[in-house]
Every structure is written in C-alpha cells, then in structure tokens.
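Participant: Here is a sequence with its predicted model. Questions after.
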Amino acid sequence: MAGLANGLEVTEELRKVRQARQYRPDPVPEEVLAELLEVARWTGSSRNTQPWHFVVVRDEEQLRRISQIRTPINWVADAPLAIAIVLNGENAATSEAYDEGRVTERLLIAARVLGLGGGVAWFGDEGQQAEGKRILGVPAERTARSVVVLGYPTTTKDHRPNPAQGGRKPLSEIVGYDRLE
C-alpha cells in the first residue's frame, strides 16, 4: 500500500483535532455535510454490520432541547449542526459501542480536514439517553447516546467552569516495547 505524499501533514492535522464547544452561527454547507455523511457511511464496523443510522439535526429548537438533557452539554444549543449516531441496539454494550467510537472519531477527523470543528455531546445516564431518543424520534429498542456537534469553531478552549487540563503525557510514560514496562 502506497503512503500519501503528504502523510506527515495528515498526521499533524490528526494531532490538532480538539473538542470544540463554541461555534459561529454560519451553516455547514450541504456539500460539506454530504462529505461528512459519506465518511461516516464508509467507516469500518465490527463484522461490517454497519449498525448505525444518522440523524442530522439543524433545527434550533431541537438543538436547544438536546442541550437541556444535562448541564455539561448546554453548549449544543449554539451550534449550527449535530449528527446523532443511532445504533441498532442489538449489541449496544459491546461491538456497537466500539463502532460508535470509530464513527465518532472519523466524523471529528473529517470535520477538521474539511475546515470545521467538532465536539461530542454525551447524553448521560439511561434516563437522559431516553430523553435524547425521545427528542430525536428514536425507537426504544435502538441506542442513541450522543451527538457529534459540527460547525466553524470560534475556539477550542474549554469555556466550562472546571475544564480538564490539556496536553498529553510523554510517550515514555505510555509506551512499552514487547511488554508493559
């Protein structure tokens, strides 16, 4: 398999993917949304089950209602777009959780490459997930735990009262060769 001529530039962009929680009000162009949905569609899944459906949410009132599911995701109300990941619910605790993570990360990377920012808003516990499903019109037997929020970020700085510390641990603290050291 041939490497990309600009492979190092691509990996540099991967390292720049950050959670964005503040966005300009500008809409995401249709062709960009279509490309994001194609990336999601082509994401690999466990045993190629493709256990997902995607709900594109642009309606301001619906975004506001999602933002009220729990306080830490109140920033969703000010975003121009969210994509809910709805899973079939057959293996939600195992392979579908893995697949959900894969497609979420792919959407965030694609957003970065396409000049957008993105963030994940997790609904919360079972009751909060049920409320998210109600807002999105998702049947009870399906799983919906989060939305990937997309738009043109004004910052990737965490504006919440108790933001997590940024940065990364050095490789020497997290990498072992041939065994855990």
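Facilitator: Now that the structure is in, tell me what you want to look at.
Participant: alpha carbons only for contacts and neighbour counts from here, please
Facilitator: Will do.
Participant: In the protein, mark out all the helices, start to finish.
Facilitator: Secondary structure of the chain, counting by DSSP state H: helices at 7-15, 30-41, 60-67, 95-113, 126-136, 171-174.
Participant: wait, Gln19 sits on Thr155?
Facilitator: No. Counting by C-alpha atoms under 8 Å, Thr155 is not a contact partner of Gln19; they are 9.4 Å apart.
Participant: So for these two, which residue has more residues nearby?
Facilitator: Taking other C-alpha atoms under 10 Å, Gln19 and Thr155 do not tie; Gln19 has more neighbours (18 against 15).
Participant: Tell me the spacing between that one and Arg112.
Facilitator: Here Gln19 is placed at a distance of 10 Å from Arg112 (C-alpha to C-alpha, to the nearest Å).
Participant: residues shared between the contacts of these two?
Facilitator: Gly118 (C-alpha atoms under 8 Å, 6 or more residues apart in numbering).
Participant: Got phi/psi on Arg70?
Facilitator: Backbone torsions of Arg70, given as degrees, to the nearest 10, read phi -160, psi 150.
Participant: Would you mind measuring from it to Ile85?
Facilitator: Arg70 is 18 Å from Ile85, where distance means C-alpha to C-alpha.
Participant: what does Gly151 give?
Facilitator: Gly151 is 17 Å from Ile85, by C-alpha to C-alpha.
Participant: Which one's more surrounded, those two?
Facilitator: Gly151 (27 against 22).
Participant: Model confidence score at Glu60, please.
Facilitator: Per-residue confidence (pLDDT) for Glu60: 97.
Participant: Chain neighbours aside, what residue packs nearest to it?
Facilitator: Using C-alpha to C-alpha, 6 or more residues apart in numbering and skipping residues adjacent in sequence, the residue nearest Glu60 is Ala77, 7.0 Å away.
Participant: surely that neighbour meets Asp59?
Facilitator: No. Counting by C-alpha under 8 Å, Ala77 does not reach Asp59; the two are 9.8 Å apart.
Participant: Which one's more surrounded, those two?
Facilitator: Neighbours per residue (other C-alpha under 10 Å) separate Ala77 from Asp59, with Ala77 holding more: 21 against 12.
Participant: quick one, what contacts that one?
Facilitator: Taking C-alpha under 8 Å, 6+ apart, we find Ala77 in contact with 60, 63-67.
Participant: got the contact list for the residue lying closest to Arg24 once chain neighbours are set aside?
Facilitator: Distances taken as C-alpha to C-alpha, 6+ apart place Tyr152 nearest to Arg24, at 5.6 Å, with adjacent residues excluded. By C-alpha under 8 Å, 6+ apart, the residues touching Tyr152 are 23-26, 28, 115-117.
Participant: Cross those against strands and list the overlap.
Facilitator: 23, 117 (DSSP state E).
Participant: Any regions of this protein where pLDDT drops low?
Facilitator: For the chain, the stretches with pLDDT under 70 are 1-4, 92, 157-165.
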